[in-house]
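In: I would like to see how this sequence folds:
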Amino acid sequence: MNGLQESNFNKYSVATGIDHQPAFKWWVPYMLKKRNAIIAKVKSGYHKRKHKFGIRVPKTVQEARELDQINGNDLWEQALGKEMSNVCVAFKMLNEEDKAPVGHTKINCHIVF
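Out: Numbers count the residues shown, from 1 in each chain. As a prediction, the model looks like this:
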């Protein structure tokens, strides 16, 4: 579980009264005290990181394409294509002018590199 999931679980366990059961009695108070530090650590790491293993990591698709131009290759473009082919089975891609079907909501994609 990441920090946010743990925080939500802690709130849930207190709200439902299971925080006094033996399995949770020691863990819930500890995690409730630490939750803000855990969440801050999870949130801050992604936005500060610019390189991983010596490779510059983009934050947007546009930046990935710019890095490909700078490096003279298409490695990020290939990675994007592979990722989109793996997840496209779960989505129906619409053009900008298309409306979402009744009962569905249009969402924008966000890729985490």
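In: mind listing the strands in the chain by residue range?
Out: When assigned using DSSP state E, the strands of the chain occupy the ranges 51-52, 55-56.
In: now the ones you listed as TSV including distance to Val14, mean pLDDT and mean neighbour count?
Out: Heads up, the C-betas are built off the backbone N, CA and C, glycines and all. TSV is the format used below for the strands of the chain (distance: least, CB to CB, whole Å; pLDDT from 0 to 100; neighbours: other CB atoms under 10 Å):
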stretch	distance to Val14	mean pLDDT	mean neighbour count
strand 51-52	37	80	8
strand 55-56	42	86	12
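In: Tell me which of those strands lies nearest to Gln78.
Out: Closest of the strands of the chain to Gln78 is strand 55-56, at 14.3 Å (criterion: CB to CB).
In: Need the contact partners of the closest one.
Out: Contact with strand 55-56 is made by Lys50, Leu67, as judged by CB atoms under 8 Å, 6 or more residues apart in numbering.
In: hmm, try it at 10 Å
Out: Lys50, Glu63, Ala64, Leu67, Ile70, Asn71, Leu75, Trp76, Phe113 (CB atoms under 10 Å, 6 or more residues apart in numbering).
In: Which of those sits closest to Asn95?
Out: Out of the contacts of strand 55-56, the member with the shortest distance to Asn95 (by CB to CB) is Ala64, at 22.2 Å.
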